[in-house]
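>>> Sharing a model prediction with you, sequence too.
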Amino acid sequence: MAKKILSTFICSSCEHQSAQWLGKCPKCRVWNSFVNKKEENVENDGKDKKKMIPSTEIKQLGHNRIQVHIDEFDRVMGGGMVLGSLTLLGGDPGIGKSTLLTSVLGTYALKNEQKVLYVSGEETCEQVGLRINRLGLASSFLYVDHETKWQSIEANMKSLKPKLVLIDSIQTIYSQDISGHPGATAQVKEVTLSLMNFAKQVKTSIIIIGHITKDGSLAGPKLLEHMVDTVLYFEADKNSDQRILRPVKNRFGATNEIGVFEMNEKGLSPVKNPLQQFIEQSNSGIIGTCLGKLRCSEREILCEIQTLILDNNSQCPKKAAQGFELNRMNILLAVIEKYLNIKLGSYDIYMNITGPSQKNEKQIDLPIVASIMSSYRKKSIKTGLVLNGELSLSGAIKGSSLAGLNHIVNLEAHLF
C-alpha cells in the first residue's frame, strides 16, 4: 500500500490553506502566519472500508450517562454526562472554572470509585493538589498530570483508562504533528479534533476549559464550538457570590436550564433553592427596582431590575443597560412614550439587571417597564410583587401572571 507525504500550509490566524508557504495571507492579510502541516495520504485499496450500521441496530445512549453527583451540574448536562462526550467550558478569568471542575472530578471519583484524570497545562501538580486538598477531594482515584504535549497526554490516557478527563486549558496544549505555538488557531483545532476522536473511540467523557476573549466569546476558531458536544458558560454577577452555569449548546439535553452555585471558603456549593435565596437578598421596596421571573426548564428563577432616571439639560441624553440589550430597552422606552404619554427622550436612563437573567429573554419586558415607571414616578413598587411578561409594539402584554393585566395602559394600577 503506497503512502504519500502531503504538505499543507495553514494560516494560524484564519485557517486559510495553501499548497505552498506564503509570506502574507491573502484572506486575512496577516504576515508570517502560515504553518506547515504534514499528512500521510494512504492510497485506498478498499480494505479500510468500515461497516455501515442500520439505524435499527444503533445502540441507544439514553442511559449511558455518568452521574457526577453534583445536582446543579448534572441538571445542566441533562441528567449526567454521556459516555464519550466532549464538553467545552468557558468563563472569565478567576470566576472559578477550575474550582468547579475540580469539584466535578473529585466528587465523581469519590462517589463512583472510578479513575479520573486532571490534565493541567497552566499549573503544576503541586498547585492543583493544593486546590484538591482545600476542597477535601483528595482520592486515590483522582490523578493529576502536568503536561502540554498532546501525544504524551494521549499515551497517559490510554495507560490509565480514566472515565472522566479534564483538560485545563485547551489553549495550552499543542500537537507535535503541526507547526505553531500553543493557542494558535491551527493548534487548537488539531488538538480538539484529536480529543474528540479519542473520546468517541474509548467512550471517555472529556471536559476542556477554553479561555474567554475581551468581548466575552470563547477564544480560538468558531469551529471549536461546533466540534464539541456541549458548550457551557460560567457566569457571575460581580456584586454577588453566586455563579451561574449556563449551556448554550447541548446535544444530549436542553439549553434552557441553568445551574446555580455559591462561592464560599470551601469552594463552590450548589444552590438548591435559588428562588428563595434571591428573594431574601433582593432590594424589593426601593424606588426603581422590580423583581422579574424567568422560567428555566422546570423551575423559576428571579432577577432584579434596577433603573435610575436623571434629568439631562444637554442635547445628548444617555441610555445605558447592563445585563440587557440596549436596543431592546430603547424599544420598551418607545412603547412607554406611545401608550403612557411619558416623554423620556430628554432623560438619562441607566439600567442594571442582577441575578441569572438572559439578555435576550423577553419575559422580563414587563418588570423592566415597571422598574422604569417606579424610577420616573419616584414611587416604590409593592413589596413582594414579582412580574413577568412579554411586551409587544402594540402595548399588549403576553404571559403576565397578574390577573386582568393585558395592556401597558393598565400597568400603573397594579404597581403602587
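Received it, and whenever you're ready, just let me know what you need.

>>> going forward, measure contacts between C-alpha atoms and count neighbours the same way
Fine.

>>> So what's the residue count around residue 201?
Residue 201: 10 surrounding residues under other C-alpha atoms under 10 Å.

>>> Can you give me the distance of it to residue 152?
Using C-alpha to C-alpha, to the nearest Å, residue 201 is found at 18 Å from residue 152.

>>> same check, this time on residue 411
Separation of residue 411 from residue 152 (C-alpha to C-alpha): 64 Å.

>>> out of these two, which sits in the more crowded spot?
For the pair residue 411 and residue 152, the greater number of neighbours falls to residue 411 (19 against 12), based on other C-alpha under 10 Å.

>>> show me what contacts the more buried one?
Shown in contact with residue 411 (C-alpha atoms under 8 Å, 6 or more residues apart in numbering): 370, 405.

>>> cool, residue 122 as well?
Contact analysis of residue 122 by C-alpha under 8 Å, 6+ apart lists 146, 168, 169, 172.

>>> Among those residues, name the ones in strands.
Among those, DSSP state E puts 146, 168 in strands.

>>> out of the contacts of residue 122, who's nearest residue 394?
Closest to residue 394 out of the contacts of residue 122 is residue 169 (48.7 Å), distances taken as C-alpha to C-alpha.

>>> pLDDT wise, what is the residue nearest to that closest one when sequence neighbours are not counted at?
Closest residue to residue 169 apart from its sequence neighbours, by C-alpha to C-alpha, 6 or more residues apart in numbering: residue 209 at 4.7 Å. Note for residue 209: predicted pLDDT of 94.

>>> Quick check on residue 209: phi, psi?
Dihedral angles phi and psi of residue 209 (degrees, to the nearest 10) take the values phi -100, psi 130.

>>> what lines up beside the strand or helix carrying residue 390 in the sheet?
Taking DSSP states H and E as the criterion, residue 390 maps to strand 390-391. The strands beside strand 390-391 in its sheet (DSSP bridges) come out as strand 397-398 (antiparallel).

>>> quick one: residue 229 and residue 249 touch, right?
Yes. With contacts counted by C-alpha atoms under 8 Å, residue 229 reaches residue 249, the gap being 7.4 Å.

>>> When these two are compared, which one has more neighbours?
residue 249 (20 against 17).

>>> coming back round to it: flag the least confident of the contacts of residue 122.
Within the contacts of residue 122, pLDDT is lowest for residue 169, at 88.

>>> and it, what is it in contact with?
Contacts of residue 169 (C-alpha under 8 Å, 6+ apart): 120, 121, 122, 208, 209, 210, 211.

>>> any idea how far residue 387 is from it?
According to C-alpha to C-alpha, residue 169 and residue 387 sit 41 Å apart.

>>> what's the answer for residue 372, then?
Going from residue 372 to residue 387 by C-alpha to C-alpha gives 13 Å.

>>> ok, and the closest non-adjacent residue to residue 168?
Nearest one to residue 168, counting by C-alpha to C-alpha, 6+ apart, is residue 120 at 4.9 Å.

>>> got it, and residue 372?
Using C-alpha to C-alpha, 6+ apart, the nearest residue to residue 372 is residue 307, at 5.8 Å.

>>> Break down the stretch 1-150 of the chain into its strands, ranges please.
3-11, 17-18, 34-42, 65-66, 81-82, 86-91, 116-120, 142-146 (DSSP state E, counting those that start in this stretch).

>>> which one of the contacts of residue 122 is nearest residue 337?
For those, the nearest to residue 337 is residue 169 (49.4 Å; C-alpha to C-alpha).

>>> Pull the contacting residues for residue 130.
Residue 130 neighbours (C-alpha under 8 Å, 6+ apart): none.

>>> give me that answer again for 10 Å
136, 138 (C-alpha atoms under 10 Å, 6 or more residues apart in numbering).

>>> Relative to residue 99, how far out is it?
For residue 130 relative to residue 99 (C-alpha to C-alpha), the value is 11 Å.

>>> With residue 57 instead?
Distance from residue 57 to residue 99, by C-alpha to C-alpha: 41 Å.

>>> With residue 161 instead?
Residue 161 is 23 Å from residue 99, by C-alpha to C-alpha.

>>> State the distance from the closest residue to residue 150 other than its chain neighbours to residue 194.
With C-alpha to C-alpha, 6+ apart as the criterion, residue 150 has its nearest non-adjacent residue at 5.2 Å, and that residue is residue 175. Using C-alpha to C-alpha, residue 175 is found at 9 Å from residue 194.

>>> Which one of the two is surrounded by more residues?
Neighbours per residue, other C-alpha under 10 Å: of residue 175 and residue 194, the larger number sits with residue 175, 20 against 15.

>>> Is the more buried one in contact with residue 182, as I believe?
Yes. Residue 175 lies in contact with residue 182 (C-alpha atoms under 10 Å); the separation is 8.3 Å.

>>> Could you export the contacts of residue 169 as CSV, including distance to residue 329?
Output for the contacts of residue 169, formatted as CSV (distance: C-alpha to C-alpha, whole Å):
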residue, distance to residue 329
120, 43
121, 43
122, 41
208, 36
209, 33
210, 31
211, 30
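
>>> which among the residues you listed end up buried?
When the contacts of residue 169 are checked for burial by 16 or more other C-alpha atoms under 10 Å, the buried set is 120, 121, 122, 208, 209, 210, 211.

>>> Give me the buried positions along the longest strand along the chain.
Taking DSSP E as the criterion, the chain has its longest strand at strand 299-311. For strand 299-311, a neighbour-count test (16+ other C-alpha under 10 Å) marks 301, 302, 303, 304, 305, 306, 307, 308, 309 as buried.
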